[in-house]
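[1] below: sequence and its predicted model.
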Amino acid sequence: MKNIYKHLLLFVIASIAITACETDENMQPEGQWELIAPTITLPESDLSIILDQETPNETITFSWEPAISTANYAVTYAVVLDTLGSTNFDTPIFEIASSNSGTNTSAVVSFSELDSALSISGYTANENAQVTWAVKAMSLSKTTYASETLEVMRFEDEVLPTRLYISGTATENANNLSEAIQLKRLNNAEGSASNIHEVYTRLTAGNSYKFYSETSLPAHQYGGSDGELVKSGSPITAEEDGVFRITVNLDDNTYSLLKIDYWSMVGQPINGGWGGDEPLSYQGGSIWSATIELVDVGGFLFRANGDWGYLLKSIVGSPSTLVMESQAADQGVSIEDIQSSQLGTFLVTLDLSASGYTYSIEQDTTTPPTPLVTPEQLYLFVNGTMIEELAKNGDTFNNSTYLALQVGDVITLNSASDGSGESFTSAMNIGATEAPDAALVSEGSELSTAAGNIVVDRDQAYMFNINFANANFQWNYYNLFLFHWDELNQGWDTRNEFLMTYAHPNTFTLTENLSANFDMKFFSPWDNDFGSESPNDLSGLIINGGGSNLRNITADGPYTVTVTVSDNYETGTYEFVAQ
């Protein structure tokens, strides 16, 4: 029942109040002064408060007469709630600094904050919770309390978390809550987030696990048994070893497990076509993969346990994103067979982690190519013009900054600055990818000793990693997203993540309906994080890893947003124009 719930607690070491006396006279040795406890004025003792779910932002005021330091040292305050009868408040249910950074003799708590704290601590919805609350007075190393009892009627409906994680001795995270495995939150038929979450993960028989709303405490915790989910319940015991799909339904407080013996690739591209079956091996972390020979082009799907009732197909309009065929209607999406146009031996990977159910078909690198002799220098040419000498680090070369390229540009590599040395090339076009909208897009292919052009397929700013030890030519680029959320009402979890469109060179644009007084930032989650030092202006400078959230929209409506970043992604400019 007893969990720490800290909210906006700021411990302020205030300046020592100096009276008319000399400083030396005021500074008494530690322990030779007293901190006299404050006197509570509101709420009254044994007061009963009903938290109205219809007015979650309504507040309760806690107030008191000040504590007294006999040495006139500054005093700061916090309000704490704990289980009924508590006298030691080291691990309270809830704690909040008083107003004005802990210096005032009052604190204001909203209905929703108090209800959430009681929910996390295991108190039942729509029932009275009897607690002890106290004023915590602090001055240097001394702390004193004044406490009263309080009865609080919780909201009628239970607080349901928007995220769930699994952790415990039975799981892959080795019972480390900070590395708990996130469940994927499924959508409903209208395309909105539901209260159903699922995860594909390995369990170890005889050990246990629970579900958490956060990767640290305090958090909602769910245990249970026999398919019944219990908030603040005992850990669930894993009955057998294996990889499972675990589904949690917070609407009816149930959980269920489906054992996944294997996923396999089935369809036209494989040996045996639709009558064949190419199993994938579980790699951990909700990922399966296998090296598969693709002998034909056409449609395929992923099948669990050889059972045609468990099929993963592509979502129409998002071909790299997968959904279980039996769940598609409930999630409001249309599906179709996955398509492949590749021939040869490839590494097929199925990723069923919470970040999104996807697949990839990549050149098989399990047998590394024969290393190439690393040249002393390597020069990068664009359309026949030498652009720069790449930086060498052992057997690897990189360009110094992201290079803005356009469709049709031709890249060549040579060991001499005039192009007369040894040439190197790669068969993969730069920018060719099945997942162009990821935050960081990266693809690699074999590097060979030959004179040949490497063609650019997509306007973007690229970084190259050319490794002669494993004969690999790797490129990557960043997309930029405008994150847009209601910070004033703690709306981070329901934020918009608007993908911006790249325009040559180093520019990203977007036209969207934006809301007044919403916070915004420019992200390549989570490598790049651009804030502004003039967050209320419609145009200005942005800094990667610095600045503040933008809050510059004063009227709802469509805006065109333009961002231009430096070629090292450290700084940039932005502009918002109302449409």
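    Thanks, I have it. For clarity, every value in this text was computed on a predicted model and none was experimentally measured.
[2] can you show me the helices along this structure?
    Secondary structure of the chain (DSSP state H): helices located at 23-26, 99-102, 111-120.
[3] which residues does stretch 124-136 contact?
    37-38, 40, 48, 62, 64, 67, 77-86, 89, 93, 95, 118-119, 123, 143-159 (CB atoms under 8 Å, 6 or more residues apart in numbering). To be clear about C-beta, it is placed using only N, CA and C from the backbone, and glycine gets the same treatment.
[4] which among those residues count as buried?
    Buried subset of these (neighbour count, 16 or more other CB atoms under 10 Å): 37-38, 40, 62, 64, 67, 77-83, 86, 89, 93, 95, 118-119, 123, 144-148, 150, 152-155, 159.
[5] of the helices of the chain, which is nearest residue 481?
    Smallest distance to residue 481 across those (CB to CB): 28.6 Å, for helix 111-120.
[6] now do that closest one: distance to the chain's middle.
    24 Å (CA atoms, centre = their mean, to the nearest Å).
[7] what does stretch 55-74 give?
    36 Å.
[8] where do the domain boundaries of the protein fall?
    Following automatic domain parsing, one gets these domains for the chain: 23-153, 165-259, 263-363, 379-478, 481-578.
[9] quick one: which of those is nearest residue 370?
    Proximity of the domains of the chain to residue 370 was assessed by CB to CB; the nearest stretch is domain 379-478, lying at 6.6 Å.
[10] pick out the shakiest of the helices of the chain, pLDDT-wise.
    Looking at the helices of the chain, the lowest mean pLDDT belongs to helix 23-26 (a mean of 39).
[11] not counting sequence-adjacent ones, nearest residue to residue 421?
    Leaving aside its sequence neighbours, residue 421 sits nearest to residue 415 (CB to CB, 6 or more residues apart in numbering; 3.5 Å).
[12] count of neighbours near residue 377?
    13 (other CB atoms under 10 Å).
[13] run a quick check on it versus residue 392, I expect a contact.
    Yes. Counting by CB atoms under 8 Å, residue 377 touches residue 392, with 7.3 Å between them.
[14] contact partners for residue 64?
    Neighbours of residue 64 in contact, by CB under 8 Å, 6+ apart: 38-42, 77, 105-106, 135, 146.
[15] please tell me how far residue 85 sits from residue 148.
    Relative to residue 148, residue 85 is positioned 12 Å away (CB to CB, to the nearest Å).
[16] ok, now residue 491?
    34 Å.
[17] just residue 472 next, same as before
    For residue 472, the distance to residue 148 equals 68 Å [CB to CB].
[18] check residue 517 too.
    37 Å.
[19] which parts of stretch 396-410 are buried?
    Here stretch 396-410 shows 396-399, 402-405, 409 as buried, counting by 16+ other CB under 10 Å.
[20] then stretch 306-326?
    Quick answer for stretch 306-326 (16+ other CB under 10 Å): 310-315, 320, 322-325.
[21] kindly report the same for stretch 569-579.
    569, 572, 574, 576.
[22] turn those residues into TSV, columns for distance to residue 54 and pLDDT.
    Output for the buried residues of stretch 569-579, formatted as TSV (distance: CB to CB, whole Å; pLDDT from 0 to 100):
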residue	distance to residue 54	pLDDT
569	47	97
572	44	97
574	40	98
576	36	98
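[23] next up, the contacts around the spatially closest residue to residue 376 that is not a sequence neighbour.
    Once flanking residues are discounted, residue 376 sits nearest to residue 415: 7.3 Å by CB to CB, 6+ apart. Residue 415 sits next to 375-379, 421-424 when contact means CB under 8 Å, 6+ apart.
[24] now the two most distant members of these.
    376 and 423 (15.0 Å).
[25] the two - which one has more neighbours?
    More crowded of residue 376 and residue 423, by other CB under 10 Å: residue 423, with 17 against 7.
[26] residue 465 is in contact with residue 447, isn't it?
    No. The criterion here is CB under 8 Å, and residue 465 misses it with residue 447 at 10.5 Å.
[27] got any residues that touch both of the two?
    Joint contacts of residue 465 and residue 447 (CB under 8 Å, 6+ apart) are residue 472.
[28] and the two? Which one has more around it.
    residue 447 (23 against 17).
[29] which residues does the more buried one form a beta bridge with?
    Beta bridges link residue 447 to residue 426, judged by DSSP bridges.
[30] just name the shakiest helix or strand of this structure by mean pLDDT.
    helix 23-26 (a mean of 39; mean pLDDT, DSSP states H and E).
[31] from residue 576, how far out is the residue nearest to residue 421?
    Taking CB to CB, one finds residue 415 at 47 Å from residue 576.
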